[in-house]
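Q: Have a look at this fold, sequence not included:
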């Protein structure tokens, strides 16, 4: 990391300090003291903080500490009594008060390389960049000093991904793949190879009371060169305007000749009501945890968002999805009532969200899965894909939906495209399980087992994948393997029955009959 302030550059990777164009020689402890003060510039740093961070808790005299502070001031040209950069706070400690900007240094790559030796790096395969311009937006750092604000920084990144994904000429990696790098020191070239992209966008968000500062930088992942950097600051009430400015600038950096109309399409806002949006972001955070309790909490938060903004299409879509997820996992307590409520929310989502890919995708899927309205659901899913062809989640939903329609070959094609858009997706087991189910419907039982077992290696608790494995083994004549898999599944879900299995739905009677035949032969009771 390089910190830039006044006429100084503090490079933590190279452990170098420069003023103007001249290097400045400093003792190691003075350098560490400067780094600590600059990195913690949002607060007053106490003497105990410095002793712990710089001197590892060793006892140091007051005069030594003051001497080192003086040396740090001298090194950065903060001489005299003005204290324009390092300020002494009486009886409290010290604080760095100069204006600072940050950028990546060569040392960041070295840090990531050091992690490789400790087994902490990713082991993803190298991907060739997409033919058209390709981009991944990495998780933004939360600099608010409050871990509870992580959801806000994550939500900002998701919205930027969504905005950029609407550009048909741009290949954008899905949120789930880019977020595996959260909290990691990364080598941008390595990330580019692992995700198969040419460009990376990284940045930070600082939210303090009613003020927000967004910083971002665009990097050429093939060379590590910085193509663009900018900072936006304003009232939290103007958060969407700040986001729009950043998105438009990124687009302009990648394609200077992009027409203005394309930029405007990339900056559409989901809602103008910040309170509603805040509830929505919190709901997404809970939903990504995927547990029964977290899904109930997410549904409550999406309902709160709808209370604040009755026209918030994406919130309706995600609320409907909560009911889908409850049915998918067998968590419904009143199936008739919840199916009905989920379908109501889905209809409202697609009604309000005619230009909202999230609302159309989730709502369309819910209409088919909860209400059996396959034709309507397909129309909305296809519209979502036209609106946002780079949204991996919609390709997943479309693939699974094609299975319900009895179109396994198209399902496999759509799920494969989703895996390309999000190659490191933590929820890739959904794609693998769906691919296995498609091969099952097509009568390719060995291939079905291969994909379903791959999903189980990713997520051992994936019930549909376990059921596909058991049913496919049974219909392939491998009854011992089928019964072993089914026995394990029934240990976890003893109430599971052939006629009440809710993980899939079917439009074609012959597919339902094939599925139930496989489950029966695997040993599942009626």
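A: Great, that's in hand. What you see is a predicted model; the values in this text were computed from it and never measured.

Q: Only C-alpha atoms from now on, for both contacts and neighbour counts.
A: Noted.

Q: roughly how far out does stretch 207-220 sit from the chain middle?
A: 17 Å (C-alpha atoms, centre = their mean, to the nearest Å).

Q: where's residue 91 relative to residue 47, distance?
A: 10 Å (C-alpha to C-alpha, to the nearest Å).

Q: swap that for residue 136, please
A: Counting by C-alpha to C-alpha - residue 136 and residue 47 are separated by 41 Å.

Q: what does residue 203 give?
A: Applying C-alpha to C-alpha to residue 203 and residue 47 gives a distance of 30 Å.

Q: Need the pLDDT of the residue nearest the centre of the chain.
A: By C-alpha atoms, centre = their mean, the chain has its centre lying nearest to residue 175, at 3.6 Å. Here the pLDDT value assigned to residue 175 is 84.

Q: start the count at 465, not 1, going forward
A: From this message on, residue numbering opens at 465, which makes the last subject residue 639.

Q: That one contacts residue 624, doesn't it?
A: No - using C-alpha atoms under 8 Å as the test, residue 639 is too far from residue 624 to be in contact (10.0 Å).

Q: Quick check: phi and psi on residue 940?
A: phi -90, psi 0 (degrees, to the nearest 10).

Q: the strands in the protein, which residues?
A: Assigned by DSSP state E, the strands in the chain fall at 466-469, 472-475, 480-483, 486-488, 550-553, 557-560, 565-567, 598-601, 605-606, 635-636, 663-672, 675-684, 690-699.

Q: in the third one, what counts as buried?
A: Applying a neighbour-count criterion of 16 or more other C-alpha atoms under 10 Å, the buried positions in strand 480-483 are 481, 482, 483.

Q: give me the number of residues near residue 507?
A: Residue 507 has 14 neighbouring residues, counting by other C-alpha atoms under 10 Å.

Q: same deal with the one 5 residues further on?
A: When neighbours are defined as other C-alpha under 10 Å, residue 512 has 13 of them.

Q: Could you check the pLDDT of it?
A: 80.

Q: which other residues reach stretch 967-986?
A: The contact list for stretch 967-986 (C-alpha atoms under 8 Å, 6 or more residues apart in numbering) reads 791-794, 833, 838, 867-870, 905, 927-928, 931, 934-939, 943, 946-947, 950, 962-963, 990.

Q: low pLDDT regions in the stretch 565-714 of the chain?
A: 568-596, 632-633, 703, 706-714 (pLDDT under 70).

Q: One more: the chain?
A: For the chain, the ranges with pLDDT under 70 are 485, 520-524, 544-546, 568-596, 632-633, 703, 706-738.

Q: What's the separation between the closest residue to residue 828 other than its chain neighbours and residue 518?
A: Distance criterion C-alpha to C-alpha, 6 or more residues apart in numbering; nearest residue to residue 828, sequence neighbours excluded, is residue 841 at 3.9 Å. Using C-alpha to C-alpha, residue 841 is found at 60 Å from residue 518.

Q: more neighbours, the two?
A: Using other C-alpha under 10 Å as the criterion, residue 841 and residue 518 rank with residue 841 on top: 26 against 19.

Q: I'd guessed the more buried one sits against residue 834; true?
A: No - using C-alpha under 8 Å, residue 841 is not in contact with residue 834; the gap is 10.4 Å.

Q: which of residue 555 and residue 511 has more neighbours?
A: Each of residue 555 and residue 511 has its neighbours counted (other C-alpha under 10 Å); residue 511 has more, 15 against 8.

Q: Identify the residues contacting that one.
A: Here residue 511 is in contact with 556, 557, 558 (C-alpha under 8 Å, 6+ apart).

Q: Just among these, which is most surrounded?
A: Of those, with other C-alpha under 10 Å as the count, residue 558 tops at 20 neighbours.

Q: For that one, which non-adjacent residue is spatially closest?
A: Per C-alpha to C-alpha, 6+ apart, closest to residue 558 is residue 552, 4.6 Å.

Q: And for that neighbour, the neighbour number?
A: 15.

Q: Surely it touches residue 561?
A: No - counting by C-alpha under 8 Å, residue 552 does not reach residue 561; the two are 10.1 Å apart.

Q: Now do residue 852 against residue 786, distance only.
A: Applying C-alpha to C-alpha to residue 852 and residue 786 gives a distance of 22 Å.

Q: Looking at the two, which is more packed in?
A: residue 786 (27 against 23).

Q: my guess is residue 748 meets residue 764, correct?
A: No - contact criterion C-alpha under 8 Å: residue 748 and residue 764 do not qualify, at 11.2 Å.

Q: Tell me which of those two has more neighbours.
A: Between residue 748 and residue 764, residue 748 has the larger neighbour count (other C-alpha under 10 Å), namely 21 against 16.

Q: Near the nearest residue to the more buried one once chain neighbours are set aside, how many other residues are there?
A: Leaving aside its chain neighbours, residue 748 sits nearest to residue 762 (6.7 Å; criterion: C-alpha to C-alpha, 6+ apart). Residue 762 has 27 neighbours, counted by other C-alpha under 10 Å.

Q: Next: the one 3 residues further on.
A: When counting by other C-alpha under 10 Å, one arrives at 24 neighbours for residue 765.

Q: Next, work out how far apart it and residue 685 are.
A: For residue 765, the distance to residue 685 - C-alpha to C-alpha - is 37 Å.

Q: go on, residue 469?
A: Residue 469 is 26 Å from residue 685, by C-alpha to C-alpha.

Q: what does residue 885 give?
A: 17 Å.

Q: ok, now which ones touch residue 542?
A: Contacts of residue 542 by C-alpha under 8 Å, 6+ apart are 548, 549, 550.

Q: JSON lines for those residues, including neighbour count and distance to residue 977?
A: Below are the contacts of residue 542 laid out as JSON lines (neighbours: other C-alpha atoms under 10 Å; distance: C-alpha to C-alpha, whole Å):
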{"residue": "548", "neighbour count": "16", "distance to residue 977": "77"}
{"residue": "549", "neighbour count": "19", "distance to residue 977": "75"}
{"residue": "550", "neighbour count": "23", "distance to residue 977": "75"}
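
Q: In CSV: those residues, plus distance to residue 967.
A: Formatted as CSV, those follow (distance: C-alpha to C-alpha, whole Å):
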residue, distance to residue 967
548, 63
549, 61
550, 61
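
Q: quick one: which of those residues is nearest to residue 678?
A: residue 549 (22.5 Å; C-alpha to C-alpha).

Q: Cross-check the contact I'm expecting between the closest one and residue 561.
A: Yes - using C-alpha under 8 Å, residue 549 is in contact with residue 561, at 5.1 Å.

Q: Quick check: neighbours shared by the two?
A: By C-alpha under 8 Å, 6+ apart, no residue touches both residue 549 and residue 561.

Q: what's across from the nearest residue in space to residue 487 that is not next to it in sequence in the sheet?
A: Excluding the flanking residues, the one nearest residue 487 by C-alpha to C-alpha, 6+ apart is residue 481, at 5.9 Å. Beta bridges link residue 481 to residue 474, residue 488, judged by DSSP bridges.

Q: if I look at residue 481, how far off is residue 564?
A: The value you get for residue 481 to residue 564, if C-alpha to C-alpha is used, is 14 Å.

Q: Also residue 689?
A: 21 Å.

Q: now do residue 551
A: Taking C-alpha to C-alpha, one finds residue 551 at 15 Å from residue 564.

Q: Count residues in the vicinity of the closest residue in space to residue 913 that isn't next to it in sequence, would you?
A: If the residues on either side of it in the chain are set aside, residue 913 comes closest to residue 933, at 5.0 Å by C-alpha to C-alpha, 6+ apart. Under the neighbour criterion other C-alpha under 10 Å, residue 933 is assigned a count of 31.
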